[in-house]
Each structure stands twice: as structure tokens, then as C-alpha cells.
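Asks: Okay, predicted coordinates and the sequence, questions at the end:
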Amino acid sequence: MVLTYSRLFGCTIVWLALFATLLAYSARSQTLRERAEIASLLAIEKLSVQDGVVAGEIHNRSPHMIREVQLFIRNTWLWDDEFKPGKDDPGTSIYYTLPKEIPAGGRLPFTYSPSPPLPKASGGRFETTVAIARFAEVIPQTK
């Protein structure tokens, strides 16, 4: 009976150690980067906004393929009279993931149309900003 419990305990310890090792390995594969470093790898170019429709081009400046580029598109509502704003703020924000990979040094045009379209509200205007929220850089493994 004692032998069975010690085997069970030993197997549990081995599985926990394996799980901890795999967890630590997967954590190393993801890196948080500063905005300046992101800007050195990816650039948003030829950006235009017309009635809420955002168009532009992502330039991959890195030596590696980039995929799963996610943009943060924010439509901030600016009231004409900020001291007496209205009751409903029609501002919106969304994460938009580009559908294709970008090869090293390549460019990928994009267009995002909000659905439903931005409301035609009076008493202010929209200010739209676009930023790179996340991406995956594909770095080949070396042996």
C-alpha cells in the first residue's frame, strides 16, 4: 500500500515538473516589445480615413516573416463643446487582424470598414487613430 502511494506521488511530481518545464518554455517564446522597437519592425504607411473606413499599408521592416498582425483602431468622439458634452458618446474601438502574412521587407495593404458604419452624429467629430496591437514574428530555428 505504501509502495502504491509513493509511486503515485512520484508520478505526480514527474508530471508537475514536466508541466512546469513546458510552461516555462512556452513563456520564453513570447516577448513584449517597446513601441520604438515595434516601430523599427513594422510601420503603418499610406494611412487614410474616410467616413470611418480606414485604409493603409503595413510595411514589414524586419528580416523575418510577420503574421497575425492585429491593429487597434480607435474612433474617438471629440465634442464641439467639451465643457458641455452630450449624453451619448458614439466613440468606438476595435481590434482588426490582417488576413495575410507579410514576408520580410514586404508590404500588405489593408482596408477596414466598420460594421455598422460610424453614426452621423452632430455636435462633434470623430478622430481615428490606428496602432499595431500585436503580431507574430516567425524566426526560423537554428540547429
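Replies: Great, that's in hand. Keep in mind the model is a prediction, meaning the values are calculated, not measured.
Asks: what residues go with each domain of the protein?
Replies: Domain assignment for the chain by automatic domain parsing gives 1-30, 36-138.
Asks: measure residue 50 to residue 37 for me?
Replies: Distance of residue 50 to residue 37, computed by Cβ to Cβ, to the nearest Å: 31 Å. For the C-beta atoms, the positions are set from N, CA and C on the backbone; glycine is no exception.
Asks: The two: which is more packed in?
Replies: residue 37 (11 against 8; other Cβ atoms under 10 Å).
Asks: Compare the mean pLDDT across the domains of the chain and name the weakest.
Replies: Set side by side, the domains of the chain differ in mean pLDDT, and domain 1-30 is lowest with a mean of 58.
Asks: Just list what the helix or strand residue 37 falls within packs against, helices and strands only.
Replies: Using DSSP states H and E, residue 37 maps to helix 35-41. Secondary structure elements in contact with helix 35-41, counted by 3 or more Cβ pairs under 8 Å, 6 or more residues apart in numbering; DSSP states H and E, are strand 124-138.
Asks: Show me which residues of the strand it packs on are buried.
Replies: 124, 126, 128, 130, 132, 135, 137 (16 or more other Cβ atoms under 10 Å).
Asks: Pairing partners for the fifth one in the sheet, please.
Replies: In this case it means residue 132. Beta bridges link residue 132 to residue 71 when assigned by DSSP bridges.
Asks: Isn't it up against residue 69?
Replies: Yes: using Cβ atoms under 8 Å, residue 132 is in contact with residue 69, at 6.7 Å.
Asks: That'll do, ta.
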